[in-house]
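[1] what follows is a predicted protein model with its sequence.
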Amino acid sequence: MESGTGQLFESEASFSGAVEVVHVIWKADDDGFAVIEVRDDSGDEFVATGTIGHLKPGERAKVTGTWTEHQKFGPQVQVFTALPMDPSDRAGQVAYLSSLRHIGPIRAEALCELHGPEVLEKIAADPGGIIGSLPGLGQKQREAALESWYETRAVRDLHVELAPHGLAHLAGKIHSRFGDRAMRTIREDPYSLTEIDGVGFARADTIAIAAGFPPESDRRAQAAAWYLLGEGERRGHTHLPLRELTAQASKLLGYQSDPDVLVSAPGVIAEGERIYRQSTLDRECWLASDLNERATAEPVLEHAPEQSGDEKLTAEQWQAVLGAFSSRLSVVTGGPGVGKTVCTKEIVREAKAAGVRVGLCAPTGRAARRLGEATGAEAMTIHRLLEWRPGSEPTYKPGHPLPVGLLIIDEASMINLHMADVLLNGLGHDTHIVFVGDADQLPPVGAGKPFADLIESGIVPVTRLTHIFRQAARSMITTAAHEVNEGRPPHLTPGPDQVLDFHFVERVTPERVRSAVVEMVGERVGAGLGLDPIRDAQVLAPIYRGEAGIDVLNKELQQRLNPDGKKAASDRFRIGDRLIQTRNAYEFGLMNGTICFLVEDDPDEEMLVLETDEGQSVELPYSETGDLKLAYAISVHKSQGCEIPVVIFVCHRSHAGMLSRPLIYTAITRAREMCVMVGDRPALENGVRRDEAGRRYSSLAPRLAGTLDESA
């Protein structure tokens with residue numbers, strides 16, 4: 001039966017009707033779930049919940065669902081479907097038409113005046129005739145306006161198609177990926193939807209089964225294999241062993257899968273018992289060949305550094321300097337406080353003295369900025385160095401190499417297989433390359449671990465810096481990091497002449513952990529250290545969900561640190577918030593992992609103004625803000641490549657599945673002035689004993705060393 005709020009509430013009563021979105025109360029970042037205040041045609045307002053994150057304030061939708069009683073918030077509608085509707089009132093129609101490119105409010109008003117209440121239906125019947133008849137539109141503007149109209153209608157059609165499967169919130173992403181082929185893809189090859197971030201195999205499978213794909217079809221099994229290999233790459237593997245792929249596929253499909261069918265998937269290839277995506281295998285093989293060729297070639301730079309009496313380099317540091325000139329490939333590695341920066345500065349000085357053109361780069365903007373400040377030479381990100389915007393070819397590539405004689409790559413442990421491939425392709429074979437990094441940090445985000453594999457292969461000179469200098473040893477942060485790296489829990493009492501800059505705050509329950517973290521950032525960073533708690537402190541945690549997870553911490557820290565910030569971007573953020581970009585947006589200069597601060601919201605232009613932690617100003621349209629998240633708390637992986645004055649790290653048993661030695665070590669080494677761990681000692685001790693985060697399926701090291709068994 002139909003039910004409105006004007007009627008007596010009846011548990012489990014159905015609801016079906018048109019509503020207008022009044023206010024988005026809460027929206028999840030990942031799965032489209034939202035809590036929204038709506039108004040029905042009778043004027044009654046109530047709360048609707050479900051995968052309705054695609055609905056925006058002012059929009060109308062045809063909603064079906066069931067009334068439920070929430071223990072705390074009372075009656076609300078649990079939504080099954082929510083199909084966007086054309087606005088019925090003049091103001092809504094003007095707003096809708098104004099969103100089309102080159103239409104704007106004045107032309108939108110003219111269309112409504114000319115065609116009356118049925119303006120949208122009339123445009124749908126003859127878009128070229130009605131939009132094309134508008135005076136003042138040039139040919140290119142007319143084409144752009146029509147394209148914009150077709151896009152909005154196509155996305156609306158996708159909403160209708162996807163709503164029964166709970167995927168309506170992904171209509172925009174699916175249209176962006178497949179364009180005019182989106183609807184055909186959904187109906188004819190729904191497994192292709194797994195290419196979209198947020199559409200896992202289970203969701204695509206639901207659509208496919210509903211479309212009539214047999215549960216035991218080869219296409220379904222092949223799609224599972226492709227999806228699982230992609231998931232493996234996201235976890236860092238370049239391949240999966242056949243036995244593991246088969247076991248995972250059988251679990252996913254619900255029956256014992258045939259290995260031959262799995263390996264027959266388009267774009268999948270077997271190398272012995274190792275199963276790859278073809279493109280990933282090609283990349284790994286090419287990189288191995290290129291690195292081997294460089295490693296075995298004679299050095300090009302005719303310069304023999306001589307250590308003067310004024311220089312204060314240790315023997316192992318000086319070995320790193322010599323290696324930069326005596327080999328086309330060399331590696332410098334070591335933990336905090338062992339002098340990697342001193343080596344880098346000396347290599348740069350020697351190169352300039354010899355008239356060698358030197359380049360400096362790092363994977364992230366923060367790391368590049370720090371490298372430039374330390375050496376006094378220009379440093380840039382790898383993307384900027386190569387003039388590379390993924391999706392298009394870099395300026396520097398085979399046949400047009402980067403014109404440098406020596407290149408130093410800092411934070412090289414962050415480079416994954418794809419980035420290494422593009423980087424090496426942009427360098428001439430005469431270029432000497434020095435990889436500098438900490439091999440004990442977390443491996444890179446993405447498939448592969450080239451830095452660790454290059455060290456393991458033994459084909460290039462590797463300088464391992466081990467001596468902790470006296471000044472660095474005064475910091476408990478430095479000694480704690482080295483103790484963790486050696487598999488020992490860090491000591492908590494300062495030694496002679498040590499600075500008390502490392503603390504462990506014991507809290508047993510997740511709720512008390514959360515409370516302690518919020519209190520420390522909210523009160524002690526400012527009052528005790530004289531630092532800005534929003535800009536100078538970073539909370540790190542291993543997981544997103546849970547009472548002491550990143551999601552909850554972000555909400556509470558936002559409320560504590562920025563309670564009066566003006567709401568912005570549909571109430572998702574507040575002016576002054578600390579944010580992080582979670583996906584590369586090259587056209588706006590925002591890279592995955594960029595920390596930024598929200599300084600202005602312009603609702604008229606539907607634009608946010610951001611300031612990055614590198615001091616750059618970025619204007620970001622509302623439509624591009626979906627990959628911005630709160631960053632008062634972030635994951636340890638997202639913090640790689642940066643140094644932060646104050647780090648507060650959650651190390652609690654509720655996060656035990658993610659706690660490992662490399663993760664704890666990486667978290668500690670992010671802190672520059674103060675590191676505080678909050679949690680319980682058993683969780684810390686167990687995590688330090690688990691050296692598992694770097695275990696990835698990769699065959700680059702044996703390929704480099706010539707020891708790969710291609711049949712195994």
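    Cool, the structure landed. This is a predicted model, so every value here is computed, not measured. Numbers count the residues shown, from 1 in each chain.

[2] please make it C-alpha for all contacts and neighbour counts, starting now.
    Noted.

[3] quick one, strands of the stretch 351-500 of the chain?
    Listed in chain order, the strands of the stretch 351-500 of the chain (DSSP state E, counting those that start in this stretch) span 358-362, 380-381, 406-409, 432-437, 462-465.

[4] who touches the helix or strand hosting D282?
    Here D282, judged by DSSP states H and E, is contained in helix 278-296. The contact list for helix 278-296 (C-alpha atoms under 8 Å, 6 or more residues apart in numbering) reads 238, 267-269, 327-329, 417-418, 420-421, 424, 429, 459-460, 699-700, 703-704.

[5] of these, grab the buried ones for PyMOL.
    Filtering the contacts of helix 278-296 down to the buried ones (16 or more other C-alpha atoms under 10 Å) takes a single PyMOL command:
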select buried, resi 238+268+269+327+328+329+417+418+420+421+424+429+459+460+699+700+703+704
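
[6] which members of the contacts of helix 278-296 occur in helices, if any?
    L417, H418, A420, D421, L424, L700, R703, L704 (DSSP state H).

[7] so which of these comes closest to F588?
    H418 (21.9 Å; C-alpha to C-alpha).

[8] contact partners for the closest one?
    Contacts of H418 (C-alpha under 8 Å, 6+ apart): R283, A447.

[9] how far away is it from R384?
    From H418 across to R384, the span is 16 Å (C-alpha to C-alpha, to the nearest Å).

[10] for P496, same thing?
    45 Å.

[11] higher neighbour count, these two?
    Neighbours per residue (other C-alpha atoms under 10 Å) separate P496 from R384, with R384 holding more: 16 against 7.

[12] for the stretch 601-712 of the chain, which segments are assigned as helices?
    661-668, 681-689, 700-705 (DSSP state H, counting those that start in this stretch).

[13] gap between the first one and the chain center?
    It refers to helix 661-668. Distance of helix 661-668 from its chain centroid, counting by C-alpha atoms, centre = their mean, to the nearest Å, is 19 Å.

[14] what average pLDDT does that helix get?
    Average pLDDT, helix 661-668: 95.

[15] got it, and stretch 156-175?
    75.

[16] need the contact partners of it.
    32, 51-54, 80-84, 154-155, 182-183, 193, 196, 198, 203, 206-207.

[17] would you mind writing the ChimeraX command to select the buried ones in the residues you listed?
    In ChimeraX, this line selects whichever of the contacts of stretch 156-175 come out buried by 16+ other C-alpha under 10 Å:
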select :32,51,52,53,54,80,81,82,83,84,154,155,182,183,193,198,203,207
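
[18] now T344: which helix or strand?
    Per DSSP H and E: helix 340-353 holds T344.

[19] and that helix, which residues are buried?
    K340, T341, V342, C343, T344, K345, E346, I347, V348, R349, E350, A351.

[20] ok, T612 to R366 distance?
    From T612 to R366 the distance is 10 Å (C-alpha to C-alpha).

[21] what does A95 give?
    41 Å.

[22] between these two, tell me which one has more neighbours.
    Of the pair A95 and R366, R366 is the one with more neighbours under other C-alpha under 10 Å, namely 21 against 16.

[23] wait, isn't that one in contact with Q616?
    No. Taking contacts as C-alpha atoms under 8 Å, R366 lies outside contact range of Q616: 12.0 Å.

[24] excluding chain neighbours, what is closest to V618?
    L610 (5.0 Å; C-alpha to C-alpha, 6 or more residues apart in numbering).

[25] show me the beta-bridge partners of the one you found.
    Counting by DSSP bridges, L610 forms beta bridges with L598, V618.

[26] sorry, back to before: mean pLDDT lowest where, among the strands of the stretch 351-500 of the chain?
    Across the strands of the stretch 351-500 of the chain, strand 380-381 gives the lowest mean pLDDT, at a mean of 91.

[27] and it, what does it pack onto?
    Counting contacts by 3 or more C-alpha pairs under 8 Å, 6 or more residues apart in numbering; DSSP states H and E, strand 380-381 packs against strand 358-362, helix 365-375.

[28] got the CA positions of the longest one in PDB?
    Going back to what we said before, that points to helix 365-375. Provided in PDB are the C-alpha atoms of helix 365-375 (Å, rounded to 0.1, in the frame of the first residue of the first chain):
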ATOM      1  CA  GLY A 365      55.300  17.000  -4.700                       C
ATOM      2  CA  ARG A 366      56.000  17.000  -1.000                       C
ATOM      3  CA  ALA A 367      59.000  14.700  -1.400                       C
ATOM      4  CA  ALA A 368      60.300  16.800  -4.400                       C
ATOM      5  CA  ARG A 369      59.900  20.000  -2.400                       C
ATOM      6  CA  ARG A 370      61.900  18.600   0.500                       C
ATOM      7  CA  LEU A 371      64.600  17.300  -1.900                       C
ATOM      8  CA  GLY A 372      64.900  20.700  -3.400                       C
ATOM      9  CA  GLU A 373      65.200  22.400  -0.100                       C
ATOM     10  CA  ALA A 374      67.800  20.000   1.100                       C
ATOM     11  CA  THR A 375      70.100  20.200  -2.000                       C
END
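
[29] contacts for that helix next, please.
    341, 344-345, 348, 360-362, 378-381, 410-411, 594, 613-614, 641-642.

[30] cutoff 10 Å now
    For helix 365-375, contacts defined as C-alpha atoms under 10 Å, 6 or more residues apart in numbering pick out 341-349, 360-362, 376-384, 408-411, 590-591, 593-595, 612-614, 640-643.

[31] and the residue nearest to the spatial centre of the chain, how far is that from C596?
    In the chain, the residue lying closest to the centroid (C-alpha atoms, centre = their mean) is T582, at 3.6 Å. T582 is 11 Å from C596, where distance means C-alpha to C-alpha.

[32] shared neighbours of these two, anything?
    With C-alpha under 10 Å, 6+ apart, T582 and C596 have common neighbours L590, L628.

[33] please, where are all the strands along the stretch 1-150 of the chain?
    Using DSSP E, counting those that start in this stretch, strands in the stretch 1-150 of the chain cover 14-27, 34-40, 45-50, 60-70, 74-85.

[34] kindly report the same for the stretch 601-712 of the chain.
    Remark: strands assigned in the stretch 601-712 of the chain by DSSP E, counting those that start in this stretch are 607-612, 617-621, 628-630, 633-635, 644-651, 671-679.

[35] for V521, which of those strands is the nearest?
    strand 644-651 (8.1 Å).

[36] which helices and strands does the closest one pack with?
    With contacts taken as 3 or more C-alpha pairs under 10 Å, 6 or more residues apart in numbering; DSSP states H and E, strand 644-651 sits against strand 502-506, helix 510-519, helix 525-529, strand 537-541, strand 633-635, helix 661-668, strand 671-679, helix 681-689.

[37] strand partners (parallel or antiparallel) of it?
    Strand 644-651 is paired, per DSSP bridges, with strand 537-541 (parallel), strand 671-679 (parallel).

[38] report the angle between the first one and helix 661-668.
    Here the directions of strand 537-541 and helix 661-668 differ by 170 degrees (axes from the mean of the first three to the mean of the last three C-alpha atoms, to 10 degrees).

[39] could I get the buried residue list for stretch 610-628?
    L610, E611, T612, S617, V618, L620, P621, Y622, L628.

[40] gap between the two ends of it?
    11 Å.
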